[in-house]
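# make a model of this:
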Amino acid sequence: MASEKIPHVTDDTFEADVLKSDVPTLVDFTAQWCGPCKMLTPILEKAVDKYEGKVKFVKMDVDDNQKTAQGYRIFSIPTLLLFADGQVKGQSVGLVNEAKLDDLISKAT
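You can find the predicted model right below:
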C-alpha cells in the first residue's frame, strides 16, 4: 500500500499539510490490512500525475492516527476527503474508479 508518489500525514502534521495547504488536498484514509485501499492506490497514483500542481494527495493510516480519523467520523475505509481552504469539499467512501475520482476532485478545482 505504500506509495512513493503519495506521502503519509499524521495527526501531528494534518493541520499544516492538509488544512493549511494552499492547494486542494485529497486525503486517502486507509489501513495496511485493507484490500480495497490497496486497490485504490494505483488509481490515486495516476491522478497524482494528472493533477500535478492543482491537487495534493496524501494518505492517512487510520490505525496510527485515530484522533483525526475519529474527528472526521471515518467509519469505513477507504474514505477519501477532499479539503480546500481548510474545509471538507467532497467525500467518497469505498473503492472508486478514475471517473468518480475526477468528479470528486471537480468539487474543489
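
# centre of the chain to stretch 60-68, how far?
12 Å (C-alpha atoms, centre = their mean, to the nearest Å).

# and if you look at stretch 66-76?
On C-alpha atoms, centre = their mean, the centre of stretch 66-76 falls 13 Å from that of its chain.

# do stretch 3-23 as well
With C-alpha atoms, centre = their mean, you get 9 Å for stretch 3-23.

# which residues in the chain form strands?
Secondary structure of the chain (DSSP state E): strands located at 25-30, 56-61, 79-84, 87-93.

# residue closest to the middle of this structure?
With distances taken as C-alpha atoms, centre = their mean, residue 27 lies nearest the centre of the chain, 1.8 Å away.

# for it, name its beta-bridge partners.
Beta-bridge partners recorded for residue 27 (DSSP bridges): residue 58, residue 81.

# most distant residue from the centre of the protein?
residue 33 (16.9 Å).

# who touches the residue nearest to the centre of the chain in this structure?
By C-beta atoms under 8 Å, 6 or more residues apart in numbering, the residues touching residue 27 are 9, 18, 58-60, 80-83. C-betas here are computed from N, CA, C, even on glycine.

# now with 6 Å?
18, 58, 60, 81 (C-beta atoms under 6 Å, 6 or more residues apart in numbering).

# could you find the closest non-adjacent residue to the first one?
What sits nearest to residue 18 in space, not counting adjacent residues and going by C-beta to C-beta, 6 or more residues apart in numbering, is residue 25, at 4.8 Å.

# likewise residue 34?
Using C-beta to C-beta, 6+ apart, the closest residue to residue 34 is residue 77 (5.2 Å).

# for the one you found, give its distance to residue 85.
25 Å (C-beta to C-beta, to the nearest Å).

# neighbour count winner among these two?
Taking other C-beta atoms under 10 Å, residue 77 and residue 85 do not tie; residue 77 has more neighbours (22 against 11).

# fine by me, we can end here.
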